[in-house]
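K.L.:
quick one: sequence and predicted model below, then my questions.
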Amino acid sequence: MNNVRNWSLTVAVAGFLFGFDTVVISGANLPIKELWHTTPLFHGIFIMSMALWGTVFGALFGGIPCDKLGRKKTLFWIGILFLVSALGSALAPDPYTFSFFRFIGGIGVGASSVAAPIYISEISSAKNRGKLVALFQFNIVFGILIAFFSNYLFEGFGGTNDWRWMIGIVALPALIYSIIVLQIPDSPRWLLLKKRDDAAGLKVLEMIYSKEEALENFNEIKKDVVDGTVKETIFSNKYKWPVILAFLLAFFNQLSGINFILYYAPEILEMAGLASKESLLNSILIGLTNLIFTIIGMRLIDVLGRKQLMIIGSIGYIASLGMVALAFYTNLGAIVLMVSILLFIASHAIGQGAVIWVFISEIFPNNVRANGQSFGTGIHWIFAALITLAGPVVIDLFKVNPWPIFAFFAFMMVLQLVFVLFMMPETKGLSLEELEHKMLNHE
């Protein structure tokens, strides 16, 4: 069990890089706008959302190296992408070079959201899978918190080059991660089903379980080997149900407005009357709330289950987003707005934040898990990119009073609650092979 926990923690560092790299741009947003005099549309496309288009690419195609090279090698190269992106973006002389290196980092983010949850789900048991895969999400929000904190510390550090330090610092954890991830073994399910290496697969299983349990798991996984020889697409009719579930979960994740609020937190808070430095400090508070409630979600996901956390989160979303819209509409002030945003972040962390990577990594059969994870995360990142791209334009459109933006997100969360109550199955406590049977037979 110690081996599984240590390997999971190592792989979950990819989530830290994911969170750090994704949100560090929030501190560079306004300085870059002033430095390169970007228009709202140009800024949305080339500065704020370019990394997310890289993320879409990394997510949609991340399943290919996961299957061909293995989960471990893919995770190593993800670290290298983060390293190159951080250094290139920090030294960029113009917005086009900057956007190119942000795109490279985005590929790392997208691929990590495929490879890391798959790896952890494939080495863990049914009783601890939710908690261990949620380590990835914990590290994402820890990375977000450190990004907000790092941005705050670098404010005023290098004058007009503050933003370069904010972005360049990501290179340090990226280098450390690339070294430590080489110490983990490959996924036993990949070794057995994709590489057809029974001896290596059994050896890893024996590092996880007792000899008897390892053999039992070995035989259960090997049942899928025949199916694994048949080349199938996740869009064949037999996989229709997990595809629908993955699409809707990923779609609603972004239509909550989570990335919009995380990316544009300083700007949104300034619109409520907070000064620039104060808004960056409040961004740290957002990151801290995210971290605390992610820990709570991790504790509960294998106890209450995925569906119950989604119900709790959905109700919290509706209440908090409604309050944000009302706070802007009636000018209730910055304190009410800040409390409402913190409630929103808490609702996300305990619901969608804790559940999404776990749920998508569970619902697809062994044979198509990498491609299924790519599909689910790809949908997630496509909508994240679209919302982030539109962010500067939408903020500019509603700069007098942005309440309609949050009212729209609240309405979408009502629809999410309907989806959770009537469509979403519970997946806790079942092995990946048992879940495969459940999904294919739509039980």
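P.N.:
Nice, I can see it.

K.L.:
show me what the mean pLDDT comes to for the helix or strand containing K203.
P.N.:
Assigned by DSSP states H and E, K203 falls within helix 198-208. The average pLDDT for helix 198-208 rounds to 89.

K.L.:
and stretch 346-365, by the same measure?
P.N.:
Mean predicted lDDT for stretch 346-365 stands at 94.

K.L.:
now swap in stretch 410-424 and tell me
P.N.:
Stretch 410-424 comes out at a mean pLDDT of 97.

K.L.:
list the contacts of that stretch.
P.N.:
The contact list for stretch 410-424 (C-beta atoms under 8 Å, 6 or more residues apart in numbering) reads 244-245, 248-249, 252, 255-256, 306-307, 310-311, 314-315, 317-318, 321-322, 325. Bear in mind the C-beta positions are built from the backbone N, C-alpha and C, glycine included.

K.L.:
before we move on, back to that, packing partners for the helix holding K203?
P.N.:
helix 2-23, helix 188-193, helix 211-222 (3 or more C-beta pairs under 8 Å, 6 or more residues apart in numbering; DSSP states H and E).

K.L.:
and the second one, C-alpha only, in PDB?
P.N.:
What follows is helix 188-193, C-alpha atoms only, in PDB (Å, rounded to 0.1, in the frame of the first residue of the first chain):
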ATOM      1  CA  PRO A 188       0.400  -3.200 -14.500                       C
ATOM      2  CA  ARG A 189      -2.700  -3.000 -16.700                       C
ATOM      3  CA  TRP A 190      -0.800  -1.300 -19.500                       C
ATOM      4  CA  LEU A 191       2.000  -3.900 -19.200                       C
ATOM      5  CA  LEU A 192      -0.500  -6.800 -19.400                       C
ATOM      6  CA  LEU A 193      -3.100  -5.400 -21.900                       C
END
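
K.L.:
report the distance from that helix to the chain centre.
P.N.:
Helix 188-193 has its C-alpha centroid displaced from the chain centroid by 25 Å (C-alpha atoms, centre = their mean, to the nearest Å).

K.L.:
go on, the last one?
P.N.:
Distance of helix 211-222 from its chain centroid, counting by C-alpha atoms, centre = their mean, is 31 Å.

K.L.:
that one vs helix 198-208, what angle?
P.N.:
Angle between the axes of helix 211-222 and helix 198-208 is 130 degrees (criterion: axes from the mean of the first three to the mean of the last three C-alpha atoms, to 10 degrees).

K.L.:
and the helix holding K203 with helix 2-23, angle?
P.N.:
90 degrees.

K.L.:
ok, and what's touching helix 198-208?
P.N.:
Residues outside helix 198-208 that contact it (C-beta under 8 Å, 6+ apart) are 1, 3-4, 123, 125, 185-189, 191-192, 195, 214-215, 217-218, 221-222.

K.L.:
7 Å instead?
P.N.:
Helix 198-208 is contacted by residues 3-4, 123, 185, 188, 191-192, 214, 217-218 when judged by C-beta atoms under 7 Å, 6 or more residues apart in numbering.

K.L.:
if we can go back for a sec, quick one: which of the contacts of stretch 410-424 sit in helices?
P.N.:
Taking DSSP state H as the definition of helices, the contacts of stretch 410-424 contribute 244-245, 248-249, 252, 306-307, 310-311, 314-315, 317-318, 321-322, 325.

K.L.:
please identify the buried residues of stretch 247-254?
P.N.:
248-254 (16 or more other C-beta atoms under 10 Å).

K.L.:
swap in stretch 21-41?
P.N.:
Buried residues in stretch 21-41 (16+ other C-beta under 10 Å): 21-33, 36, 38, 40.

K.L.:
pick the one among these closest to V141.
P.N.:
Closest approach to V141 among these (C-beta to C-beta): V23, at 9.6 Å.

K.L.:
and that closest one, how far from L304?
P.N.:
28 Å (C-beta to C-beta, to the nearest Å).
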